[in-house]
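Student: Dropping a prediction and its sequence here:
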Amino acid sequence: MRGQFSYIGDGKKPAVVGSLGDSAELKALIKGDDWNDLHIIARGNTIIQMLNGRIMSMLIDDDTANRKMDGLLGIQVHLGPPMKIEVRDIRLKKL
């Protein structure tokens, strides 16, 4: 979730272990009428989500039995009113 630093221990459920900022303050950084710059760093068992230069969430996954170290990339749209998704300049870099 926005503003959370979470950890998943081996065989455990996800737990919030720290804060990256107030959720409402981070939400205010999302541009509703302009392009947002999303940067996802997935290195090993760590995922960092950055939006417009600010870290929004982090996860360290040490659950070796249940985690996936590879897979597909996708864009998820949640239920609700009709939405329009536009993307540009998608770049992938293997680290």
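Tutor: Happy to help now that I have it. Because the structure is a prediction, the values reported are computed rather than measured.

Student: Tell me which strands the longest strand along the chain pairs with, and in which orientation.
Tutor: Longest among the strand segments of the chain by residue count, using DSSP state E, is strand 54-61. Strand partners for strand 54-61, identified by DSSP bridges, are recorded as strand 4-8 (parallel), strand 46-51 (antiparallel).

Student: could I get those strands as JSON lines with mean neighbour count?
Tutor: C-beta coordinates here come from the backbone N, C-alpha and C atoms, glycine included. Listed next are those as JSON lines, based on neighbours: other CB atoms under 10 Å:
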{"stretch": "strand 4-8", "mean neighbour count": "16"}
{"stretch": "strand 46-51", "mean neighbour count": "16"}
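
Student: The ones you listed into CSV, with extra columns for distance to Lys27 and mean pLDDT?
Tutor: Output for those, formatted as CSV (distance: least, CB to CB, whole Å; pLDDT from 0 to 100):
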stretch, distance to Lys27, mean pLDDT
strand 4-8, 13, 98
strand 46-51, 10, 96
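
Student: May I see those strands arranged in a markdown table, with distance to Leu73 as well?
Tutor: Converted to a markdown table, the strands paired with strand 54-61 look like this (distance: least, CB to CB, whole Å):
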| stretch | distance to Leu73 |
| --- | --- |
| strand 4-8 | 20 |
| strand 46-51 | 12 |
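
Student: nearest to Ile90, of those strands?
Tutor: Checking these against Ile90 by CB to CB gives strand 46-51 as the closest, at 15.1 Å.

Student: List the contacts of that closest one.
Tutor: With contacts defined as CB atoms under 8 Å, 6 or more residues apart in numbering, strand 46-51 is touched by 26, 29-30, 36-41, 55-61.

Student: Perfect, I'm done here.
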